[in-house]
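Engineer: Give me a model of this one.
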Amino acid sequence: MDTIYDVIVVGGGPAGATAAYFLGKAGRRVLVIEKATQPRYKACGGGLSLSFLESQFPFSFDSIIETDVEAITYVLDEHSVTIPLPTSEMRMVMRDRFDAYLLAQAQAEVWQGVAVRKVTETPGCVSVETSDGRTATGILLIGADGANSVVAQAVGLRRGKALAAAIEVEVFPEVMDRFASNPVFIFGEVRHGYLWIFPKASHLSVGIAALHPKPGELQVTLRRVMSRNAISLDGFQMHGHPIPLYTGREAITTRRVLLASDAAGLADPFSGEGIRLAITSGRLAAEAILANRPEQYEKMIFRQIGFSQWCGLGLSWLFYHFQMVCFIFGAHNPFVTRAFINLLSGRVGYPTVVIRIFATLPLFLLSEGLIQLAGLVGGPKKRRWLRTRIYPA
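Structural biologist: Next comes the predicted model:
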């Protein structure tokens with residue numbers, strides 16, 4: 001008799017591996033189907049909060065950490081600011097090693113190197129057919145197979161999805177030391193988007209992301225800006241990928257199918273980062289299934305992620321329409337920068353950041369006024385002294 005799985009997970013990335021880990025740990029019979037063979041390259045900046053990982057999993061990720069992040073630099077035109085990060089807050093990973101490591105923790109059967117060709121949902125079960133001719137049947141299915149999800153298309157979900165685009169290159173420049181432990185975000189070079197330079201153990205991950213870019217715009221802009229930073233892309237392969245945008249207006253479940261991560265459109269609306277939301281959605285999918293309430297998954301996603309996504313979209317619109325004003329205010333307002341650090345670590349969502357921005361605006365303006373007045377009376381030394389008293393590290 002053919003095996004009937006409790007849950008079939010399509011996609012062995014962070015969302016699928018997380019769901020498989022918690023479901024398998026609880027004794028569910030799980031099958032993971034991954035079209036690639038892990039470890040495999042995946043275009044991704046790879047920035048993660050260590051405290052977030054520690055809050056989600058009971059095991060260590062130390063063996064796959066590429067670099068520790070000591071500070072983040074933001075650049076807009078001739079303006080730049082470097083913000084020190086708390087100890088042990090941010091880490092850089094390579095997705096090939098990270099994904100393979102996370103999937104290895106799952107107590108699940110894994111089919112690798114095979115793609116899902118067909119998904120059939122019936123009132124009593126869901127079945128999949130793979131590229132090597134195998135068929136699997138499960139009670140439920142989690143679609144964690146990316147922005148161009150085969151599962152979503154098969155069951156009629158997310159047909160009107162909004163997408164941004166990104167390009168990434170792994171390079172080995174002579175200027176590696178300039179960016180060690182210090183990721184850089186560059187704004188103002190592409191409409192509704194940004195570029196990045198992320199340090200890894202032996203190379204840099206550089207890239208660009210934007211909403212609805214013109215054909216060829218990302219490649220040209222990426223080469224131009226990286227050349228300005230003494231980083232040549234000649235001889236290195238560019239990897240492009242879509243970034244989905246979740247609005248909460250589209251269904252991400254059917255009776256027996258739950259979408260997670262990029263398949264559900266879950267990426268950070270401001271930065272496009274997706275690992276944190278992938279892990280969160282995979283965990284929520286597992287929790288809903290283990291509670292025998294898979295129909296509640298969509299509500300759980302909206303409660304924990306959806307409203308924050310809306311606030312993030314609003315903040316993103318505000319920033320990209322008023323970049324200089326927002327950049328100067330945000331970069332030099334320690335109340336806001338602390339909120340963003342907490343956002344990166346998963347401790348707060350975008351609603352908290354928005355509240356912090358508007359709640360601290362009067363205090364920030366008053367503080368800056370006093371600092372500038374101190375500078376006029378006592379000179380630069382007095383200005384620096386007062387700034388350190390008002391904004392302690």
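
Engineer: Wait, Pro213 touches Val190, no?
Structural biologist: Yes - between Pro213 and Val190 there is a contact under CB atoms under 8 Å: 6.9 Å. In short, each C-beta sits where N, CA and C put it, glycine included.

Engineer: what's the following helix or strand after the helix ranked longest in the chain?
Structural biologist: In the chain, assigned by DSSP state H, the helix with the most residues is helix 350-378. Downstream of helix 350-378, the next assigned helix or strand under DSSP states H and E is helix 380-390.

Engineer: Report the angle between that following helix and helix 350-378.
Structural biologist: With axes from the mean of the first three to the mean of the last three CA atoms, to 10 degrees defining the directions, helix 380-390 sits at 150 degrees from helix 350-378.

Engineer: What helices and strands are in contact with helix 380-390?
Structural biologist: helix 350-378 (3 or more CB pairs under 8 Å, 6 or more residues apart in numbering; DSSP states H and E).

Engineer: Mean confidence (pLDDT) on the helix it packs on, please.
Structural biologist: Averaging pLDDT along helix 350-378 yields 80.

Engineer: Would you mind listing the buried residues in that helix?
Structural biologist: 350, 353-354, 356-357, 360, 364, 367, 371, 374-375 (16 or more other CB atoms under 10 Å).

Engineer: Name the nearest residue to Gly16, ignoring sequence neighbours.
Structural biologist: Closest residue to Gly16 apart from its sequence neighbours, by CB to CB, 6 or more residues apart in numbering: Ala144 at 3.7 Å.

Engineer: and what of His241?
Structural biologist: Ala43 (4.9 Å).

Engineer: The one you found falls within a helix, correct?
Structural biologist: No - Ala43 is assigned coil when assessed by DSSP: H, G, I helix; E, B strand; the rest coil, not a helix.

Engineer: nearest to Val114, of the buried residues of helix 350-378?
Structural biologist: Tyr350 (37.8 Å; CB to CB).

Engineer: my read: the closest one touches Ser316, true?
Structural biologist: No - if you go by CB under 8 Å, Tyr350 and Ser316 don't touch, sitting 9.3 Å apart.

Engineer: Can you check which residues contact both of those two?
Structural biologist: In terms of CB atoms under 8 Å, 6 or more residues apart in numbering, Tyr350 and Ser316 are both contacted by the residues 269-270.

Engineer: Check whether Gln296 sits in a helix, strand or coil.
Structural biologist: Quick answer, by three-state DSSP: Gln296 is helix.

Engineer: if I look at it, how far off is Ala144?
Structural biologist: 18 Å (CB to CB, to the nearest Å).

Engineer: Those two: which has the busier surroundings?
Structural biologist: Counted by other CB atoms under 10 Å, Gln296 and Ala144 do not tie: Ala144 has more neighbours, with 32 against 15.

Engineer: Would you confirm that that one contacts Leu258?
Structural biologist: No - using CB under 8 Å, Ala144 makes no contact with Leu258, being 9.1 Å away.

Engineer: How is this structure divided into domains?
Structural biologist: 4-67+88-160+245-316, 162-243, 323-390 (automatic domain parsing).

Engineer: and the first one, how far from the chain's centre?
Structural biologist: Centroid separation for domain 4-67+88-160+245-316 versus its chain: 13 Å, with CA atoms, centre = their mean, to the nearest Å.

Engineer: same check, this time on the second one
Structural biologist: Relative to the centre of its chain, domain 162-243 is centred 16 Å away, using CA atoms, centre = their mean.

Engineer: How about Met90, nearest residue that isn't a chain neighbour?
Structural biologist: Here the residue nearest Met90, using CB to CB, 6+ apart, is Val69, at 3.7 Å.

Engineer: what's the longest helix of the chain packed up against?
Structural biologist: Using 3+ CB pairs under 8 Å, 6+ apart, helix 350-378 sits against helix 307-321, helix 323-332, helix 334-344, helix 380-390.

Engineer: Tell me how many other residues crowd the residue nearest to His241.
Structural biologist: 17.
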